[in-house]
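1. mind looking at a prediction? Sequence and model below.
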Amino acid sequence: MTQFGVIGGGGWLGKALLLPALADGVIAGEALTVSSRSGTVPGFEPWPAVRQTKDNAALAADADVVMLSVRPQDLDAIALDLSGKLVISVMAMVSLADLAARFEARRIIRAMPNTAAEKRLSFTPWLASPDTTEADCAFAERLFEASGKVQRIATETELDYFTALTGSGPAFLAVFADAMISDAVTKGIERGIAERAVRQLFLGGSTLLAGSKQTPDEIVQTFLDYAGTTAAGLEAMAAADIHTPIARGLTAAAAKAAAGTRDCDLG
Ligand SMILES: NC(=O)C1=CN([C@@H]2O[C@H](COP(=O)(O)OP(=O)(O)OC[C@H]3O[C@@H](n4cnc5c(N)ncnc54)[C@H](O)[C@@H]3O)[C@@H](O)[C@H]2O)C=CC1
Ligand SMILES: O=C(O)[C@@H]1CCC=N1
């Protein structure tokens, strides 16, 4: 049985990925070791065979596959020789070349899920270094499929962009929701009611969008064609150039992701 060790696996993203995979049987509890700063985190109680530790060296010694899920600023404290193992990283801003140099690893997969993984609704692009095997890629795909949709991509430049688009994306939707709530409050709507309304709007609107045969721009055009209230709102937003701040935000996030990353050839 492939032994899987997840460094930082008790954090937000680690648990969002691991709990669905355990629930689906993609990972057996007996095959999983999770490390955290404290050595014990809640959430894994339904799988008592999952081992928890603070000792990353012991985790790595027992593992065939090691996943890194700590914040980038905590990575320097983790000095391990992972040569011969499959290394999976979900970390932003840490490149394949950096991972290879730090951990003496050749088989590396970088993936960029988002925290909707905890609802099994992540979009997870991933890419693999040239030495990874088909079995390595299949393991990673099964793991990430438990928490959403996966997409293999070709370059780290794309991964950096997806770090902004879908990795950070939940926060960008939250800022749009917050702007709507703030406006509603200034118009006299009670904050709690505005929040309830906007949460349901995002659920309803995004469910429609996800399942629609129309593209988003076609949906916008359909509403413009009514020439009614929605069109008045859309035209005012277009006049205020709503696309520009969105593009600026994505560009800044992707630039930050890329600052620690460069396309590299590990072949
Ligand atoms: N939260 C998000 O929206 C996304 C995060 N990521 C990436 O995932 C990684 C983890 O992010 P989160 O889970 O959100 O952060 P988090 O802070 O919730 O989890 C990180 C965990 O690592 C643990 N940790 C720190 N140093 C450790 C060490 N030496 N040994 C063992 N455990 C250690 C911490 O105790 C914590 O539980 C980051 O690198 C981030 O770039 C990627 C996509 C989305
Ligand atoms: O904000 C971050 O750095 C991480 C990566 C993508 C989402 N959260």
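-> Perfect, I can see it now. Ligands and ions are numbered 1, 2, ... in the order given.

2. tell me where the stretch 51-200 of the chain has helices.
-> Ranges of helices in the stretch 51-200 of the chain, per DSSP state H, counting those that start in this stretch, are 56-62, 96-103, 134-145, 156-162, 169-186, 191-211.

3. adding distance to residue 221, mean neighbour count and mean pLDDT, write the ones you listed out as a markdown table.
-> C-betas here are computed from N, CA, C, even on glycine. Shown next, in a markdown table, are the helices of the stretch 51-200 of the chain (distance: least, CB to CB, whole Å; neighbours: other CB atoms under 10 Å; pLDDT from 0 to 100):
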| stretch | distance to residue 221 | mean neighbour count | mean pLDDT |
| --- | --- | --- | --- |
| helix 56-62 | 53 | 16 | 98 |
| helix 96-103 | 41 | 19 | 98 |
| helix 134-145 | 34 | 18 | 98 |
| helix 156-162 | 26 | 21 | 97 |
| helix 169-186 | 20 | 14 | 98 |
| helix 191-211 | 14 | 12 | 98 |
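
4. among these, which comes closest to ligand 1?
-> Proximity to ligand 1 (CB to the nearest ligand atom) singles out helix 56-62 among the helices of the stretch 51-200 of the chain, at 5.3 Å.

5. ok, and does the closest one reach over to ligand 1?
-> Yes. Counting by CB under 6 Å from any ligand atom, contacts between helix 56-62 and ligand 1 involve residue 56.

6. who does the longest strand seen in the chain touch, helix- and strand-wise?
-> Counting by DSSP state E, the longest strand found in the chain is strand 122-128. Under the contact definition 3 or more CB pairs under 8 Å, 6 or more residues apart in numbering; DSSP states H and E, strand 122-128 sits against strand 107-111, helix 134-145, strand 148-152, helix 156-162.

7. tell me the strands beside the third one, with direction?
-> If you go by DSSP bridges, strand 148-152 pairs up with strand 122-128 (parallel).

8. contacts for the strand it pairs with?
-> With contact meaning CB atoms under 8 Å, 6 or more residues apart in numbering, strand 122-128 is reached by 16-17, 96, 107-117, 136-137, 140-141, 144, 147-156, 158-159, 162, 166, 169.

9. next, format the helices and strands packed on strand 122-128 as CSV and append distance to ligand 2.
-> Formatted as CSV, these follow (distance: least, CB to the nearest ligand atom, whole Å):
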stretch, distance to ligand 2
strand 107-111, 11
helix 134-145, 15
strand 148-152, 14
helix 156-162, 9
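
10. which of these sits closest to residue 51?
-> The closest of the helices and strands packed on strand 122-128 to residue 51 is helix 134-145. By CB to CB, the value is 17.7 Å.

11. per-residue pLDDT, residue 263?
-> For residue 263, the model assigns a pLDDT of 47.

12. cool, residue 260 as well?
-> pLDDT recorded at residue 260 is 68.

13. tally of neighbours for residue 256?
-> Burial of residue 256 is recorded as 15 neighbouring residues (other CB atoms under 10 Å).
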